Structure formats: structure tokens, C-alpha cells
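A.B. asks: For reference, the sequence and a predicted model appear below.
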Amino acid sequence: MRTMAQKRAEYALTEILAAKNNVDKEKLKPFSAGAPAMILQNGFGQTLAFWLAKGKPEHVALFDILTRWFKQTDLKNFGECKQAKDYIQKLSTMEQRQYLSAQNEALALLEWVKRFANADLS
């Protein structure tokens, strides 16, 4: 049986390798490194909304990585989300406990994303 950390690592590696084909890795590295701090400073929902508003490839890539992960791992809360606005709306209507759980899961996943984005995996 694999641990959740192993599942996160596998998913993050796959996603980062795919993202590096569409996103400038020199922009993805610092952005992924600062993403957890941005969430902690500004809030999870606010950060995701900001990434969508910016619309730069590295912002969209991290948003997509997170939302696809939630779609896979938290069907109860995110199973019916189909568009970006659905995720933002879901976060804005969650109970605090669920919101914090989603935020913590995002932070755990982003640690792997950050490591792999900064690794030379060409």
C-alpha cells in the first residue's frame, strides 16, 4: 500500500513534467516556490482567484495541477466541479473545517510540485 505522500509525489512529478512542455521552466521554478507562502499569506481561495485573474501560463498550470488533484482525491467536495469558477465557488461555500483541510492538502501537494519544478528533470 502506498502512502498519501507517495501518491502526491507521483502526481506532482507527472504534472510538472507535462507542465514543463507548456510553461517556461524558469518562470515556473520561482512561482512554484512562492505558491505555498502566497496561500498562507493571502488565503487559499483568494490565491486561486488571483492566479486565475493573472492568467499567465505558470499561474494557470498550478491552478490546474491543484484542481485536478482535488477532483481525484476529494470527490465529495470537488467531484462535480467542471470549470475554474466551480472550484472557487465550492471553496467559498465550504465549512471552515473542510476549507482548512483542502488548504492543507494543497500545501502538501505544492511541496512536491515545488521540489520537482526546481529539479532538473528535462
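C.D. replies: Received the coordinates, thanks.
A.B. asks: When you work out contacts or count neighbours from here on, use the C-alpha atoms and nothing else.
C.D. replies: OK.
A.B. asks: wait, residue 27 sits on residue 57?
C.D. replies: No - shown here, residue 27 and residue 57 do not form a contact pair, counting by Cα atoms under 8 Å, at 9.0 Å.
A.B. asks: Which one's more surrounded, the two?
C.D. replies: For residue 27 versus residue 57, neighbours defined as other Cα atoms under 10 Å are more numerous around residue 57 (17 against 14).
A.B. asks: Report the buried residues of the lowest-mean-pLDDT helix or strand in the chain.
C.D. replies: Least confident helix or strand, the chain: helix 75-78 with a mean of 86, by mean pLDDT, DSSP states H and E. Buried residues in helix 75-78, counted by 16 or more other Cα atoms under 10 Å: 77, 78.
A.B. asks: Mind checking the pLDDT average for stretch 91-110?
C.D. replies: Averaged across stretch 91-110, the pLDDT comes to 95.
A.B. asks: In this structure residue 45 contacts residue 91, no?
C.D. replies: Yes - when contacts are counted by Cα under 8 Å, residue 45 is listed as touching residue 91 (6.2 Å).
A.B. asks: And the two? Which one has more around it.
C.D. replies: Counted by other Cα under 10 Å, residue 45 and residue 91 do not tie: residue 91 has more neighbours, with 22 against 18.
A.B. asks: quick one, what contacts the more buried one?
C.D. replies: Taking Cα atoms under 8 Å, 6 or more residues apart in numbering, we find residue 91 in contact with 45, 99.
A.B. asks: For it, what is the enclosing helix or strand?
C.D. replies: helix 84-93 (DSSP states H and E).
A.B. asks: Give me the angle between whichever helix or strand comes after that helix and helix 84-93.
C.D. replies: Sequence order places helix 96-118 as the next helix or strand after helix 84-93, per DSSP H and E. Relative orientation of helix 96-118 versus helix 84-93 (axes from the mean of the first three to the mean of the last three Cα atoms, to 10 degrees): 130 degrees.
A.B. asks: Which positions in helix 96-118 come out as buried?
C.D. replies: Neighbour-count burial for helix 96-118 [16+ other Cα under 10 Å]: 99, 102-118.
A.B. asks: cool, stretch 62-74 as well?
C.D. replies: 62, 63, 64, 65, 66, 67, 68, 69, 70, 71.
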